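Asker: Everything below, folded, please.
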Amino acid sequence: MSDSALAPRVICYHKQATSARTRFLHYGESVLSGPALPEACLRTELGVTRPYPVHHLHALEISLGLAAGSLRAEPEFYAELDTPDGPVAVLLAEVTTVDPPFAAAEAIGARFIALTEARKLRNHELELLRKAYEHVLG
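Answerer: Model prediction:
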């Protein structure tokens, strides 16, 4: 088991300021950053404030080619996935640019999708997106 197997995963979203249209960053097979996870069981603890590992946001900004500060942590969102290697934290971050950084996403083989485009995701990811969407919209 590698350290990256249990590293927190981040769901990135962008919400238009004028229309509240919300899109999630989709990496081709998953909306979770980092190495792929096996099918997992979901545990959530929304409303529980936990320390947010900010260094993961900085690393994600670099991998996406975004300026520092382009991702903002949502510290009230927290979920865990039970995997064969142990629990993996799932965090939520907002992309703070005026428009979604489509070109940056495309450069890494990703794209921004609406919730309705997520139907083919695995069940635990669909549940995570539902919870993230509810959190974002309040």
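Asker: buried residues in the longest helix along the chain?
Answerer: Ranked by number of residues, the top helix in the chain under DSSP state H is helix 123-137. With burial defined by 16 or more other Cβ atoms under 10 Å, the residues of helix 123-137 counted as buried are H124, E125, L126, L128, L129, K131, A132, Y133, H135, V136. For every residue, glycine as well, the C-beta is placed using N, CA and C.
Asker: Give the rounded mean pLDDT of it.
Answerer: Across helix 123-137, the average pLDDT comes to 93.
Asker: Likewise for stretch 26-37?
Answerer: Computed over stretch 26-37, the mean pLDDT rounds to 91.
Asker: mind saving the C-alpha coords of that stretch as PDB?
Answerer: The C-alpha coordinates for stretch 26-37 follow below in PDB (Å, rounded to 0.1, in the frame of the first residue of the first chain):
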ATOM      1  CA  HIS A  26     -14.300  15.000 -14.100                       C
ATOM      2  CA  TYR A  27     -11.000  13.300 -14.700                       C
ATOM      3  CA  GLY A  28     -12.400  10.800 -17.300                       C
ATOM      4  CA  GLU A  29     -13.300   8.000 -15.000                       C
ATOM      5  CA  SER A  30     -13.800   9.800 -11.700                       C
ATOM      6  CA  VAL A  31     -14.600  13.100 -10.000                       C
ATOM      7  CA  LEU A  32     -12.100  12.300  -7.300                       C
ATOM      8  CA  SER A  33      -8.500  13.600  -7.600                       C
ATOM      9  CA  GLY A  34      -5.700  11.200  -7.300                       C
ATOM     10  CA  PRO A  35      -5.200   7.600  -8.100                       C
ATOM     11  CA  ALA A  36      -8.300   5.500  -8.900                       C
ATOM     12  CA  LEU A  37     -10.000   3.900  -5.900                       C
END
